[in-house]
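**Q** predicted model and sequence follow; I will ask about them next.
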Number of protein chains: 2
Amino acid sequence: MSLGKITVEGSARHVHVTKEALAALFGEGYELHNKRELSQPGQYLTEEKVRVEGPRGGMDRVSILGPERKNVQVEISLTDARTLGIETPVRESGDIAGSGACRIVGPAGSLDITEGVIAAKRHIHLRPEDAQALGVANGQLCSVRVGGERGLVFNEVVVRVSPSFMPAMHIDYDEVNAAGLAGNAEGEIIV
Amino acid sequence: MSLGKITVEGSARHVHVTKEALAALFGEGYELHNKRELSQPGQYLTEEKVRVEGPRGGMDRVSILGPERKNVQVEISLTDARTLGIETPVRESGDIAGSGACRIVGPAGSLDITEGVIAAKRHIHLRPEDAQALGVANGQLCSVRVGGERGLVFNEVVVRVSPSFMPAMHIDYDEVNAAGLAGNAEGEIIV
């Protein structure tokens, strides 16, 4: 049964930093530069890029997302994880205990993290009024169907509800490509 | 409704070569070396590796699959396509008209192809007796469900039937990773 539509957005690999990490990578007192607002209010793509290194390889020009957070978190696809050689669990944002390790390299220095590398568990951001209208609750798993030549149904999609969100589903680029999506797309929430 | 189970295999990026392409890349009279048999009878991984280059980058150590074919075909994921900068359509194997262009580099020379780069359309290989038992026909589209923390249902899965096949579903590594599969897995064919 269809509950309603949702915009599906691809999240490219990115890094969240703490104030301390930013100082280590870019220098003491450095501030992030907002390049573009993202769909979730208050979240933004910054001008700042870093290199992410694992035992098997590195990737340049990985974007930092702002604002600063309480923990460093590196979100990559499982394709990236294989390229970098980093053991990367599928986790919800913030759930980083025992997750992957990597080195982050900035223009002023580098930082080794022992955990914080995750592949984001696919999820839907909703405001309380959206959740109520759709008949879903925070933490609930649902399914989302997308069409096209690589059409599929994502199961195990976690619903996250907060007054500070805007309605959007977030998937990584393995998921974008597996579904053959180009840019943002529309999905149908089904149960 | 479940029709039955199918083994799901991930296909890493690979190249199929003609006799002429092999000569251009490895030298006149060169022969492929069988490293390991693949699930489809007569198909094998070879010892030979090449570099694949596009406008934005290159990838080393891409395996050649044997035996030789009538046309050069390069199968990559859409993540690879983005890295390499190659416009890559989703196609069934052999359907290469107007598909992507690339340069292939071997130890003895390189080869520019104007078409042949595709992302493989996900598909199931079946023998006639398997197709009959499952109640599906050559060319039919079906769906395949896989479980786990990234469980999903692949729609748009094309059924291919031949006495020379063995039963297996083939997906690329974007699809493997989007589904969170590690190595081979089991799927359920549903309609």
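**A** Ah, there it is.

**Q** how about the contacts made by residue A:65?
**A** Shown in contact with residue A:65 (Cβ atoms under 8 Å, 6 or more residues apart in numbering or on different chains): A:14, A:15, A:16, A:38, A:43, A:44, A:45, A:46. No exception for glycine: its C-beta is placed from N, CA and C like everyone else's.

**Q** roughly how far apart are the fifth one and residue A:121?
**A** Yep, that's residue A:43 we're talking about. 17 Å (Cβ to Cβ, to the nearest Å).

**Q** looking at those two, which one has more neighbours?
**A** residue A:121 (21 against 15; other Cβ atoms under 10 Å in any protein chain shown).

**Q** re earlier: from the contacts of residue A:65, which single one is nearest residue B:159?
**A** Ranked by distance to residue B:159 (Cβ to Cβ), the contacts of residue A:65 are led by residue A:14 at 38.7 Å.

**Q** which SSE is residue A:82 in?
**A** helix A:78-84 (DSSP states H and E).

**Q** what helices or strands is that helix leaning on?
**A** Applying 3 or more Cβ pairs under 8 Å, 6 or more residues apart in numbering or on different chains; DSSP states H and E, one finds that helix A:78-84 makes contact with strand A:58-66, strand A:110-120, helix A:173-178, helix B:173-178.

**Q** and stretch A:155-173, what's buried?
**A** A:155-157, A:159-161, A:165, A:167-173 (16 or more other Cβ atoms under 10 Å in any protein chain shown).

**Q** just the ones in strands from those residues, please.
**A** In strands, judged by DSSP state E, the following of those are found: A:155, A:156, A:157, A:159, A:160, A:161, A:168, A:169, A:170, A:171, A:172.

**Q** can you tell me which of the residues you listed are up against chain B?
**A** A:155, A:156 (Cβ under 8 Å from any Cβ of the partner chain).

**Q** surely residue A:17 touches residue A:68?
**A** Yes: using Cβ atoms under 8 Å, residue A:17 is in contact with residue A:68, at 5.9 Å.

**Q** which neighbours do the two have in common?
**A** With Cβ under 8 Å, 6+ apart, residue A:17 and residue A:68 have common neighbours residue A:32.

**Q** okay, these two: which has more neighbours?
**A** residue A:17 (28 against 16).

**Q** which parts of chain A are helices?
**A** In chain A, the helices defined using DSSP state H lie at A:19-26, A:78-84, A:128-134, A:173-178.

**Q** on that earlier part again, mind putting the contacts of residue A:65 into a markdown table with pLDDT and distance to residue B:98?
**A** Output for the contacts of residue A:65, formatted as a markdown table (pLDDT from 0 to 100; distance: Cβ to Cβ, whole Å):
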| residue | pLDDT | distance to residue B:98 |
| --- | --- | --- |
| A:14 | 98 | 35 |
| A:15 | 98 | 39 |
| A:16 | 98 | 42 |
| A:38 | 96 | 36 |
| A:43 | 97 | 40 |
| A:44 | 98 | 40 |
| A:45 | 98 | 35 |
| A:46 | 98 | 39 |
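
**Q** looking at those, which one is closest to residue B:188?
**A** residue A:14 (34.5 Å).

**Q** doesn't residue A:75 make contact with the closest one?
**A** Yes: the criterion here is Cβ under 8 Å, and residue A:14 meets it with residue A:75 at 5.6 Å.

**Q** those two: which is more packed in?
**A** Counting neighbours by other Cβ under 10 Å for residue A:14 and for residue A:75 shows that residue A:75 has the greater number, 23 against 20.

**Q** with just CA atoms, put stretch A:57-65 into PDB.
**A** Extracted in PDB, the C-alpha atoms of stretch A:57-65 (Å, rounded to 0.1, in the frame of the first residue of the first chain):
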ATOM      1  CA  GLY A  57      44.100   4.000  -0.900                       C
ATOM      2  CA  GLY A  58      43.000   7.600  -0.500                       C
ATOM      3  CA  MET A  59      40.400   9.900  -1.900                       C
ATOM      4  CA  ASP A  60      41.000  13.600  -2.500                       C
ATOM      5  CA  ARG A  61      38.500  16.500  -2.400                       C
ATOM      6  CA  VAL A  62      36.000  14.900   0.000                       C
ATOM      7  CA  SER A  63      33.700  17.700   1.200                       C
ATOM      8  CA  ILE A  64      33.100  18.700   4.800                       C
ATOM      9  CA  LEU A  65      29.500  19.400   5.700                       C
END
